[in-house]
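J.: Structure for this input, please:
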Amino acid sequence: MSVLVVVECADGEVKKSSLEVASYGAQVAAQLGTTATAIAVGNANEANLAKLGEQGITKVLYDAEPRLKDFVNNAYTKLIATAAEQEQAKIIVLANSNIGAAVGSRLSVRLKASLATNVVELPKTDGGQFTVKRGAFSGKAFSDVVLSGDRKIIAVKKNSTEAQHDAGKTAEVASFSAQLSDADFADAPKQVVMQDQAGGVLLPEAELVVSGGRGMKGPENWGLIEDLAKALGAATACSKPVSDVDWRPHHEHVGQTGITVSPNLYIACGISGAIQHLAGVNSSKVIVVINKDPEAPFFKAADYGIVGDVFDVLPKLTAAVKALN
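T.: As a prediction, this is how the structure comes out:
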């Protein structure tokens, strides 16, 4: 069974989650004794696509259609499905991202494929079955799912696997055309507005995030959050109550009903840690909680915790980061 990996790109760079997916797909291909081919979506750069060889990809298909630089559901679905048919791919691997969630379900119907989302481990193929482990109930439990369809789609949870780096290896970048028509772009948004941070980091893709809650006591104190974020080169975020009272814009709201983030480091300042907020951040590799209440629920989910007043801790933490820099 050949493996097709969907690689998302932005501003010419391959997204971190897609580097992880590329490594995952290459490992699945190795398990099955085959190779992994990637199909690039978004604003890609061919030189960066070639570097996917470091993650174990042998070939990258790239459609230079300019309208594919922005996400269009119908067009992306047809692009990936066409690539799967051409490569005779029985397994499609993509990130469990906003794009992956939107495209994965459509691909499942179009290709009559089994679909598993939020997958956290490599598949098991013992006894002739193809079984994957996926997270459930906002990461509180796991389930083993048997994919019985002839074709299988796996959406990999962010930060559930490490991106491998075999320095110096390159992948072949091959031009590809899905023969897309105007009808395929009929659902394209009339205007695309990307809400990025002052430093140019999109919150869903940020590797470092500094987030504030009601413990910051007001928007006039947000400079403490921004100073630490600037020192770290991080994006800023907030809890739902903060955005509800307009202390911060809604595109910074992280949680079950907001943006889901998967950074390497998430620093929560003055956030109690309601389950709805945890659902949006529990894929973070390291969580640091700063709160003066030692009984705050967030401490149970934290890798590191500081019991203290954010107004005392944040200036000292920012100064320490600047000293290290």
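J.: Now stretch 152-170: buried residues?
T.: Residues of stretch 152-170 classed as buried by neighbour count (16 or more other Cβ atoms under 10 Å): 152, 153, 154, 155, 156, 157, 158, 159, 160, 161, 163. For glycine as for every other residue, the C-beta is placed from the backbone atoms N, C-alpha and C.
J.: low pLDDT regions in the stretch 151-300 of the chain?
T.: 190-201 (pLDDT under 70).
J.: let's see 90
T.: The model of the stretch 151-300 of the chain has pLDDT under 90 over residues 158-168, 186-206, 262, 283.
J.: same thing with the stretch 1-150 of the chain?
T.: Ranges of the stretch 1-150 of the chain meeting pLDDT under 90: 1-2, 11, 98, 126-128, 135-141.
J.: Check which helix or strand the closest residue to residue 36 other than its chain neighbours maps to.
T.: Nearest non-adjacent residue to residue 36, counting by Cβ to Cβ, 6 or more residues apart in numbering: residue 29, 4.1 Å away. For residue 29, the host element (DSSP states H and E) is helix 16-32.
J.: For that helix, buried residues please.
T.: Residues 16-29, 32 are the ones in helix 16-32 that count as buried (16+ other Cβ under 10 Å).
J.: same thing with stretch 30-47?
T.: Those would be 32, 34, 35, 36, 37, 38, 39, 40, 41, 42, 44, 45, for stretch 30-47 by 16+ other Cβ under 10 Å.
J.: What's opposite the fifth one in the beta bridge?
T.: It refers to residue 37. residue 4, residue 59 (DSSP bridges).
J.: For it, list the residues it contacts.
T.: Counting by Cβ atoms under 8 Å, 6 or more residues apart in numbering, residue 37 makes contact with 2, 3, 4, 5, 57, 58, 59, 60, 61, 83, 87, 89.
J.: Ok, residue 313 next?
T.: 290, 306 are the contacts of residue 313 under Cβ under 8 Å, 6+ apart.
J.: No more questions from me, cheers.
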